[in-house]
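>>> Sequence plus predicted model, see below.
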Amino acid sequence: MDKRNALRAGAVTATVTLMMLLSSPAMALTRDDGDDPGSGLSVAQTLGLFVVIPIASFVIIAALAALPYGGGKEKK
């Protein structure tokens, strides 16, 4: 029974993958009415937006979460 379930899961996965690969992404190149894309981002802007800001946000949130536990008097 396990072999049959594995075969079924493989068939479903292969079918879904094939359908995703065969679906046409060409419609993404067609502009819609009222579509007004802005100018692209530079490399520095992209790195800042997707690397620096998330890391800085993590550090700030971690520091704020650690404030109540650190820097106080040690209990004996």
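Everything's here; your move.
>>> So, low pLDDT: which residues of this protein?
Applying pLDDT under 70 to the chain picks out residues 1, 24-28, 71-76.
>>> in it, which residue is closest to the centre?
Compute the mean C-alpha point of the chain, and by CA atoms, centre = their mean the closest residue is residue 50, 10.0 Å away.
>>> what about residue 48, how many residues close to it?
By the criterion of other CB atoms under 10 Å, residue 48 has 13 neighbours. All C-beta spots, glycine's among them, are computed from the backbone N, C-alpha and C.
>>> Would you mind listing the buried residues in the lengthiest helix in the chain?
Scanning the chain for the helix with the most residues, using DSSP state H, yields helix 2-22. The neighbour-count check on helix 2-22 (16 or more other CB atoms under 10 Å) flags nothing as buried.
>>> Please compute how far the helix or strand that it is followed by lies from its chain's middle.
Downstream of helix 2-22, the first helix or strand assigned by DSSP states H and E is helix 43-47. Distance, stretch centre to chain centre, for helix 43-47: 17 Å (CA atoms, centre = their mean, to the nearest Å).
>>> Please export the C-alpha coordinates of helix 43-47 as CSV.
Extracted C-alpha coordinates of helix 43-47, given in CSV (Å, rounded to 0.1, in the frame of the first residue of the first chain):
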residue,chain,number,x,y,z
VAL,A,43,21.7,47.5,-7.1
ALA,A,44,22.3,49.5,-3.9
GLN,A,45,18.5,50.2,-3.5
THR,A,46,17.7,46.6,-4.0
LEU,A,47,20.3,45.4,-1.5
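>>> mind listing what's buried in the helix or strand following that helix?
Note on helix 43-47: by DSSP H and E, the next helix or strand toward the C-terminus is helix 53-66. Within helix 53-66, no residue is scored as buried using 16+ other CB under 10 Å.
>>> In terms of secondary structure, what does helix 53-66 contact?
Where contact means 3 or more CB pairs under 8 Å, 6 or more residues apart in numbering; DSSP states H and E, helix 53-66 is not packed against any helix or strand.
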